[in-house]
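Trainee: Have a look at this fold, sequence not included:
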């Protein structure tokens, strides 16, 4: 019985060794030989980032939900992560902010500003989710996948 446990443990350790030997090397995105990234992204408080979220929210609401909601103002804007997924992934800055909505309520918006995520991969782009208004649960409950 003891030799079975020992054999199982040895097998497990060997498999970890094999997996480690085949791990891919991590190359920072800025050092890629093909299509390197710069890592230069606007900050969370950048007015063009916040305006992009507000206009895209209004456009989506008008096209799909017709609730008439609009983002009125942003408060407590803060960064929650920068390149949290690792140096070899697309550079992203993760942010949270409180948004004052036209219905008088304050909600939390989670967003990520990513390099080369703009129109046809040009410039930065922003992915965002307002907690309580992700009607299709695109970002999961509580917009959890919009954050780091």
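Mentor: Nice, I can see it. Everything quoted here is computed from the prediction, not taken from an experiment.
Trainee: rest of the way, CA atoms for contacts and neighbours
Mentor: Fine.
Trainee: Pull the number of nearby residues for residue 76.
Mentor: 11 (other C-alpha atoms under 10 Å).
Trainee: quick one: which helix or strand includes it?
Mentor: strand 71-82 (DSSP states H and E).
Trainee: cool, residue 107 as well?
Mentor: Counting by DSSP H and E, residue 107 is part of strand 106-114.
Trainee: How about residue 95?
Mentor: Going by DSSP H and E, residue 95 is in strand 92-101.
Trainee: Pull out the buried residues from that strand.
Mentor: 92-100 (16 or more other C-alpha atoms under 10 Å).
Trainee: so where do the helices sit in the chain?
Mentor: Under the criterion DSSP state H, the chain contains helices at 2-21, 47-60.
Trainee: By mean pLDDT, show me the worst of these.
Mentor: Of all the helices of the chain, the minimum mean pLDDT falls on helix 2-21 (a mean of 49).
Trainee: before we move on, back to that, farthest pair within the buried residues of strand 92-101?
Mentor: Farthest pair in these (C-alpha to C-alpha) is 92 and 100. Separation: 24.9 Å.
Trainee: list the buried ones in stretch 136-148?
Mentor: Neighbour counts over stretch 136-148 (16+ other C-alpha under 10 Å) mark 139, 142-143, 146-148 as buried.
Trainee: picking up where we left off before, remind me what the strand holding residue 76 packs against, helices and strands.
Mentor: helix 47-60, strand 92-101 (3 or more C-alpha pairs under 8 Å, 6 or more residues apart in numbering; DSSP states H and E).
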